[in-house]
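S.K.: sequence first, then the predicted structure, then my questions.
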Amino acid sequence: MTTRIRPSSKRCAVIGGSGFLGRHLVERLVEKGYSVAVFDIAQRYEVPGVVFHQGDLCDKQALLKVFKDVSLVFHCASPSPACDDRNLFWKVNVEGTRTVIQACQEARVQKLVLTSSASVVFEGIDIKNGKEDLPYAKRPIDYYTETKIQQEKVVLEACSKEKDFLTVAIRPHGIFGPRDPQLVPILVDTARKGKMKFIIGDGTNLVDFTYVENVVHGHILAAEHLKPDSPLCGKAYHITNDEPIRFWDFMSQVLVGLGYEAPRYHLPYTLVYGIAMLLWLITFLLRPLVNIKPTFTPMRVALAGTHHYYSCSRAKQDMGYQPVVRLQEAIARTVASYPHLKRGG
Ligand SMILES: NC(=O)C1=CN([C@@H]2O[C@H](COP(=O)(O)OP(=O)(O)OC[C@H]3O[C@@H](n4cnc5c(N)ncnc54)[C@H](OP(=O)(O)O)[C@@H]3O)[C@@H](O)[C@H]2O)C=CC1
Ligand SMILES: CC(C)CCC[C@@H](C)[C@H]1CC[C@H]2C3=C(CC[C@]12C)[C@@]1(C)CCC(=O)C[C@@H]1CC3
């Protein structure tokens, strides 16, 4: 009989470790003395001591090689929401995540921490201080959200004390910070095209924007508190900055910080949402001929025009979570990190 010596609890792998969140997570784990392996479809940077493995998470054999001496896996890979490719989302987020679970179980990994999303309960209708017991969206607003729901279910259902395999899902919302390839770059691009003049709705809708270091902190706390007798097993946790802000105030602060004008004129929400739906339908019908990616998708308009902020009291209670960087400091650091996106820059 062969006895497998348990790898140290500080040996971990980060799937999606080349991405925005993944890289911040890797850097923090290294600072905290973890030994880290990155598994990603691409390698985009180097960190001394971190081993990179390039591969597709749908490939179990490739995962098994990386998981050999690992006790903890963070799964924060996903195709970008902007690609809007239903087949790819299903293949990677749902089937690929099943493969990740199988590989973890075969390699006797003990803990899996999934990066889910608070949007799994969002249907385009106001959510105020939403708790984790809200039902999953019955009519998810896009393919990305549809597959994030299935992904979270698959991971949480796999949690088994008997199999010595524990899982937890972190649901961040509106992650931003240095090196984010989406929020600030899309915002600036829209401003440079002269399309950031309008506020959708009355501009009072409150939203969570979460600084990337707080999201990283939530992931590491979850990993460290995930034990057979802890309440975290098989549960989802909102991780936010715990400071909801008006969506349009946040956008304006970033824009003004970078030297652009804040949006001023109001447009009715239903009108803009209707136009976004129409545009989506037209681009969908034209897809066999030409692949157009509109700036105004129904999801983006819904995110820009409704309340969507979440309670993180469960994370505070079960893992002692508190944001480590306050919102105003986070916005200042983010703005300072994009000198190349400044007006005239
Ligand atoms: N950003 C946000 O506001 C939020 C993000 N999330 C979740 O957080 C996680 C991280 O997001 P974020 O850092 O923004 O995303 P990124 O796109 O920056 O990072 C994801 C990484 O996963 C890689 N990847 C994609 N497909 C595969 C695959 N098949 N095999 C291996 N690696 C793959 C990507 O490579 P490539 O770039 O080449 O595709 C990328 O390096 C995601 O799960 C996302 O759903 C949740 C809530 C909010
Ligand atoms: C989860 C959300 C709180 C944050 C998600 C990030 C992106 C969806 C947003 C980043 C830039 C935003 C943006 C718009 C919508 C939401 C974002 C894409 C608009 C398209 C909304 C309508 C406009 O007037 C232009 C905006 C540009 C920036």
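M.R.: Structure's in. What do you need? Ligands and ions are numbered 1, 2, ... in the order given.

S.K.: which parts of the stretch 101-250 of the chain sit against ligand 1?
M.R.: Applying CB under 6 Å from any ligand atom, one finds that the stretch 101-250 of the chain approaches ligand 1 through 115, 117, 148, 172, 174-175, 181-182. C-betas here are computed from N, CA, C, even on glycine.

S.K.: quick check: A236 touching L156?
M.R.: Yes: in this structure, A236 sits in contact with L156. The criterion is CB atoms under 8 Å, and the distance is 6.6 Å.

S.K.: mind listing which of the residues of the stretch 101-250 of the chain next to ligand 1 are in helices?
M.R.: K148 (DSSP state H).

S.K.: can you tell me which of the residues of the stretch 101-250 of the chain next to ligand 1 are in strands?
M.R.: Where those overlap with strands, as defined by DSSP state E, the overlap consists of 115, 172, 175.

S.K.: can you count the residues close to the second one?
M.R.: Other residues lying near P172 total 27 when counted by other CB atoms under 10 Å.

S.K.: check contacts around the nearest residue to it once chain neighbours are set aside.
M.R.: Nearest-residue entry for P172: V215, 4.5 Å, with adjacent residues in sequence omitted and distances by CB to CB, 6 or more residues apart in numbering. Contacts of V215 were listed using CB atoms under 8 Å, 6 or more residues apart in numbering, and they are 21, 24, 170, 172, 175, 239.

S.K.: and if you look at T167?
M.R.: Taking CB under 8 Å, 6+ apart, we find T167 in contact with 111-114, 155-156, 158-159, 226, 233-234.

S.K.: report the distance from the host helix or strand of it to the chain centre.
M.R.: Mapping T167 onto the secondary structure by DSSP states H and E places it in strand 166-172. Distance of strand 166-172 from its chain centroid, counting by CA atoms, centre = their mean, to the nearest Å, is 11 Å.

S.K.: and the residue in the stretch 1-150 of the chain that ligand 1 sits nearest to, how many neighbours does it have?
M.R.: Using CB to the nearest ligand atom, the point where the stretch 1-150 of the chain gets nearest to ligand 1 is G19, with a distance of 1.9 Å. Close neighbours of G19, defined as other CB under 10 Å, add up to 24.
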